[in-house]
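>>> okay, structure incoming, though there's no sequence with it:
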């Protein structure tokens with residue numbers, strides 16, 4: 001690949017890791033001599049014209065829209081790598097959880113206590129914020145209208161703020177996003193409490209469009225499996241231990257959870 005071709009990259013994930021994604025791409029630029037242009041996604045992946053028209057080269061994307069999109073548009077997106085977090089709960093595997101949070105001053109102590117309460121979610125295409133929460137209702141044989149009120153916040157960070165401020169009672173938050181927010185804003189640890197952990201699920205990956213050459217995709221993967229000291233420092237700052245190679249089949253479990261909830265009549269929270 002020559003430098004005349006600039007890779008168009010998008011992140012559909014929470015923006016509190018945007019700086020880390022910049023570090024990942026800067027590393028690829030150093031070792032592979034490629035140019036990249038990264039932007040934050042402004043709409044759901046399944047509705048993004050850039051993705052639908054196959055105009056993106058790389059994307060950081062949640063596993064749920066990835067697997068749903070890949071079932072509609074075959075052979076466009078190929079998972080390359082996913083981060084493996086350092087904390088023991090991640091078991092040295094490319095997985096993450098959804099932490100159900102409440103205000104620390106509330107008397108809510110368990111998932112059952114959330115019956116009739118106000119829940120917020122980031123968006124309906126989110127695995128951690130919506131899909132896993134809906135699956136928890138199905139698993140627990142809870143009624144379809146378990147929560148008293150359901151509101152969309154637009155982002156995990158806003159959901160965190162609303163729970164901390166007492167605007168809503170609870171939310172399900174990507175564990176990696178939550179941990180980063182607690183690093184960035186330590187005072188949140190005194191305002192929030194986790195009452196249940198959902199998952200694990202396969203970690204959101206970096207995917208490559210298959211219009212790129214197989215050689216380039218392989219080189220991207222090999223490079224990220226062997227980070228240099230500069231990238232390793234950036235990984236340490238966000239709690240990433242290493243990267244792991246992943247495949248599309250690894251994300252089928254997320255689709256199974258999604259399909260099971262829909263089949264059982266849990267079309268919404």
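Done, it's in. This one's a predicted model, so the numbers in the text were calculated from it and none came from an experiment.

>>> could you give the average pLDDT over stretch 52-63?
For stretch 52-63, mean pLDDT rounds to 96.

>>> do stretch 184-196 as well
96.

>>> who touches that stretch?
The contact list for stretch 184-196 (Cβ atoms under 8 Å, 6 or more residues apart in numbering) reads 16, 99-106, 108-111, 113-114, 136, 160, 163-164, 170, 181-182. C-beta coordinates here come from the backbone N, C-alpha and C atoms, glycine included.

>>> just stretch 225-244 next, same as before
Stretch 225-244 has contacts (Cβ under 8 Å, 6+ apart) with 17, 20, 23-24, 26-27, 30-31, 81-87, 90, 92-94, 176, 179-180, 183, 224, 245.

>>> before we move on, what about stretch 260-269?
For stretch 260-269, contacts defined as Cβ under 8 Å, 6+ apart pick out 119, 121, 124, 130-131, 133-135, 137-138, 144, 146-147, 150.

>>> let's see 7 Å
Identification of contacts with stretch 260-269 by Cβ atoms under 7 Å, 6 or more residues apart in numbering yields 119, 121, 130, 133, 134, 135, 137, 138, 144, 147, 150.

>>> again, but for stretch 106-119
With Cβ under 7 Å, 6+ apart, stretch 106-119 has contacts from 100, 102, 136, 146-151, 168-171, 195-196, 269.

>>> chain center to it: distance?
24 Å (Cα atoms, centre = their mean, to the nearest Å).

>>> before we move on, what about stretch 11-26?
When distances are taken as Cα atoms, centre = their mean, stretch 11-26 is centred 12 Å away from the chain's centroid.

>>> hmm, residue 13 is touching residue 60, no?
Yes - the pair residue 13 / residue 60 is scored as a contact, 5.1 Å apart, by Cβ atoms under 7 Å.

>>> need the overlap of contacts for those two.
Shared contacts of residue 13 and residue 60, defined by Cβ under 7 Å, 6+ apart, comprise residue 204.

>>> quick one: the helices in the stretch 1-150 of the chain, in order.
For the stretch 1-150 of the chain, applying DSSP state H, counting those that start in this stretch gives helices covering 18-32, 49-52, 63-72, 132-139.

>>> among the contacts of stretch 225-244, which ones are buried?
Neighbour-count burial (16 or more other Cβ atoms under 10 Å) applied to those gives 17, 20, 23-24, 27, 31, 81-86, 90, 94, 176, 179-180, 224.

>>> beta partners of the nearest residue to residue 192 once chain neighbours are set aside?
In space, not counting the residues next to it along the chain, residue 192 is nearest to residue 101; the distance is 4.9 Å by Cβ to Cβ, 6 or more residues apart in numbering. Bridge pairing for residue 101 (DSSP bridges) gives the partners residue 171, residue 194.

>>> surely residue 101 meets residue 171?
Yes - between residue 101 and residue 171 there is a contact under Cβ under 7 Å: 5.8 Å.

>>> now for those two: what residues contact both?
Common neighbours of residue 101 and residue 171, using Cβ under 7 Å, 6+ apart, are residue 163.

>>> of those two, who's got more company?
Shown here are residue 101 and residue 171; by other Cβ atoms under 10 Å, residue 171 has more neighbours (29 against 24).

>>> who's in contact with that one?
By Cβ under 7 Å, 6+ apart, the residues touching residue 171 are 101, 119, 120, 121, 159, 163.

>>> show me the contacts for the fifth one.
Which is residue 159. If you count contacts by Cβ under 7 Å, 6+ apart, then residue 159 has 120, 121, 122, 129, 153, 171, 173 around it.

>>> try the first one
Neighbouring residues of residue 101 by Cβ under 7 Å, 6+ apart: 163, 170, 171, 173, 192, 193, 194.

>>> how much space separates the first one from residue 130?
To residue 130, residue 163 is 16 Å away according to Cβ to Cβ, to the nearest Å.

>>> and the two? Which one has more around it.
More neighbours surround residue 163 than the other of residue 163 and residue 130, with 27 against 24 (other Cβ under 10 Å).

>>> my read: that one touches residue 172, true?
No - look at residue 163 against residue 172 with Cβ under 7 Å: they stay out of range, at 10.5 Å.
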